[in-house]
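Chemist: Sequence below, structure please.
(one chain, ligands or ions: 1)
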Amino acid sequence: MISRVMSAELAEHAGQRVTIAGWVHRRRHLKSLSFLVIRDRTGFAQAVTATGPPASDLPPEESVVRVTGTVTAGAQAPGGFELVSPEIEVLSEPFAPPPFDLYRPVVTATLPTILDHAPAALRHPLLKAPLEISAASVAGFRETLDRLGFTEVHTPKIVASATESGANVFGIDYFGRPAYLAQSPQFYKQAMVGVFERVYEVGPVFRAEPHDTVRHLAQYTSLDAELGFVRDHRDVMTVLREAVAGMLESVRRRAAPAVELLGAALPEVPAEIPAVHFTEAQRLTGEDEPDLSPAQERWLSEWALREHGSEFLFVTGYPMSKRPFYTHPDPARPGYSNGFDLLFRGLELVTGGQRLHRYADYLEALAARGEGAGPYEGYLQAFRYGMPPHGGFALGLERWTARLTGAANIRQTTAFPRDLHRLSP
Ligand code: AMO
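Modeler: This is a model prediction of the structure:
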């Protein structure tokens, strides 16, 4: 490693001559003083030259430099300490200026410009912050499920059949055979319940979404969990509540500066998240469509906040006709399922539920939908050999981060979004 002190540690080295390294965030010249602000992974540090070159002679913004100087208290410096009498070594000179000024406290570029120039643009603290919150959320998800006895699994993303409905699946040529990009690890996470009882996966999933919306991507990160020996979907909802609470706790602990920079208001997770049955949700919103519209989801979220003081709301018991064939019916209400969604701040964040677990039930469910078992043979193997009652859920990471940070567009919450139009960078 290049030997260096991190910017956040300068105070521990007061009076010493140390070396820091990072990117030139900003050059400035004030009277006879020139300032160089260096950005590293822990924050910012400032170097001051009293008699040195004017700002225009300092290495330009986004140069990668090593700066050796004496750590001295400086009231205006980030963290209260700065480097004086610096020697500057340039490790890499930028070939071109960044697409917009990365040092300005506000982002002056439009979203398309940001996305077109993501490798540089994401260095801006405001654009990096959602990614820090996203990373902290995943760490909290893993931590919580590890604690609850789950095993992390990694399942194939090249698969032989669609899981969530044929319509929005990407087809690929797999050595001359048709194959698909996985829309969800659904079948594999269920199979792995037969191996580990409790599993989770953090991975990419692919949806050929034909619509350009602020909440859909063609590739997103799915936080999936699946667990055996449940009584019904309510046990899954309890685990999901724990996972969400753990994600928030981790964001508070690991990403506090990003939360503060964005002014993000983090929600409280109620000890028990309020739940309404699908039919009750329809009654409340005064509509009886077979699915909930985005407008109904927004209305229900406002209702939950008003009536229950909760930014989260479970909607349970979706109609069987609106759920995939693996969904377990509600034994007490014909036509309705043991499937649920979790709404968060007006948006569907999670889908989950109890699954069928008997082989014969799968054959019957497929037949009822006019489908043969053929394409699902690989999947159905798990159920030939004994599976416990089980269920699980999938949480869309980018939607979560968007709702936490107040990002209007899901594209602001992932480094290199893929959508109808965007394949590069
Ligand atoms: P579903 O298809 O509802 O369920 O997806 C689960 C969650 O993933 C997110 N999501 C998306 N995020 C960004 N862009 C998209 N195009 C997109 N589509 C979905 C949402 C959604 O709630 N196998 C089931 C889950 C399960 O039952 O375990 C499934 O995939 O946040």
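Chemist: ok, Gly149 - how many residues close by?
Modeler: By the criterion of other CB atoms under 10 Å, Gly149 has 10 neighbours. (C-beta placed from N, C-alpha, C; glycine too.)
Chemist: doesn't it fall inside a helix?
Modeler: No: membership of Gly149 in a helix is not supported by DSSP: H, G, I helix; E, B strand; the rest coil, which gives coil.
Chemist: correct me, but it touches Arg198?
Modeler: Yes: using CB atoms under 8 Å, Gly149 is in contact with Arg198, at 5.4 Å.
Chemist: what do those two both touch?
Modeler: Overlap of the contact sets of Gly149 and Arg198 (by CB atoms under 8 Å, 6 or more residues apart in numbering) is empty.
Chemist: Could I get the contacting residues of Asn245?
Modeler: No Asn there; residue 245 is Ala. Thr144, Val269.
Chemist: could you check the distance from it over to the ligand?
Modeler: For Ala245, the distance to the ligand under the criterion CB to the nearest ligand atom, to the nearest Å works out to 18 Å.
Chemist: pLDDT score assigned to that residue?
Modeler: As summarised for this prediction, Ala245 has a pLDDT of 98.
Chemist: for Glu209, same thing?
Modeler: The score at Glu209 is 88. That number is its pLDDT.
Chemist: ok, it to Met192 distance?
Modeler: Per CB to CB, to the nearest Å, Glu209 is found 27 Å from Met192.
Chemist: again, but for His124
Modeler: Using CB to CB, we find His124 at a distance of 40 Å from Met192.
Chemist: Same check on Leu227?
Modeler: Taking CB to CB as the measure, Leu227 and Met192 are separated by 11 Å.
Chemist: Leu58 now?
Modeler: Here the criterion is CB to CB. By it, Leu58 lies 55 Å from Met192.
Chemist: Who is whatever residue of the stretch 301-425 of the chain ends up closest to the ligand paired with across the strands?
Modeler: Of all residues in the stretch 301-425 of the chain, the one sitting closest to the ligand is Gly396 (2.6 Å; CB to the nearest ligand atom). For Gly396, the residues forming beta bridges with it (DSSP bridges) are Ser222.
Chemist: Surely it touches His216?
Modeler: No: between Gly396 and His216 there is no contact under CB under 8 Å: 9.5 Å.
Chemist: And for the residue nearest to Glu249 when sequence neighbours are not counted, the neighbour number?
Modeler: If you skip the residues right next to it in sequence, Glu249 has Gly140 as its closest partner in space, 6.0 Å away by CB to CB, 6 or more residues apart in numbering. For Gly140, the count of nearby residues is 23 (other CB under 10 Å).
Chemist: Tell me if Gly140 really is in a helix.
Modeler: Yes: with three-state DSSP as the criterion, Gly140 is part of a helix.
Chemist: From Thr155, how far out is it?
Modeler: Gly140 sits at a distance of 22 Å from Thr155 (criterion: CB to CB).
Chemist: for Thr279, same thing?
Modeler: Noted for Thr279: a distance of 35 Å to Thr155, by CB to CB.
Chemist: more neighbours, these two?
Modeler: It is Thr155, of Thr279 and Thr155, that has more neighbours when counted by other CB under 10 Å, with 18 against 14.
Chemist: how about the more buried one, secondary structure?
Modeler: Taken by three-state DSSP, the conformation at Thr155 corresponds to coil.
Chemist: That one against Met192, yeah?
Modeler: Yes: with the criterion set as CB under 8 Å, Thr155 and Met192 qualify as a contacting pair; they are 7.5 Å apart.
Chemist: the helices in the stretch 51-200 of the chain, which residues?
Modeler: Under the criterion DSSP state H, counting those that start in this stretch, helices of the stretch 51-200 of the chain are mapped to 111-116, 118-121, 125-147, 186-196.
Chemist: What mean pLDDT does the shortest one get?
Modeler: Taken as a whole, helix 118-121 has an average pLDDT of 97.
Chemist: mind listing what's buried in it?
Modeler: Ala118, Ala120, Ala121 (16 or more other CB atoms under 10 Å).
Chemist: Closest to Ala243 out of those?
Modeler: Within the buried residues of helix 118-121, proximity to Ala243 (CB to CB) peaks at Ala118, which comes in at 29.0 Å.
Chemist: is it true that that closest one touches Arg418?
Modeler: No: under the criterion of CB under 8 Å, Ala118 lies out of contact with Arg418, with a separation of 11.8 Å.
Chemist: now the top strand by length along the chain: mean pLDDT?
Modeler: Among the elements of type strand in the chain, defined by DSSP state E, the one spanning the most residues is strand 17-30. Strand 17-30 shows a mean pLDDT of 95 in the predicted model.
Chemist: Strands of the stretch 301-425 of the chain, residue ranges please.
Modeler: Along the stretch 301-425 of the chain, the segments classed as strands by DSSP state E, counting those that start in this stretch run 312-316, 339-344, 347-354, 390-396.
Chemist: tell me the mean pLDDT over the third one?
Modeler: Looking at strand 347-354 alone, the average pLDDT works out to 98.
Chemist: same thing with the last one?
Modeler: Rounded to a whole number, the mean pLDDT of strand 390-396 is 98.
Chemist: Close to the ligand: what parts of the stretch 151-300 of the chain are there?
Modeler: Those residues of the stretch 151-300 of the chain that sit near the ligand, judged by CB under 6 Å from any ligand atom, are Glu164, Ser184, Gln186, Arg207, Glu209, His216, Leu217, Tyr220, Ser222.
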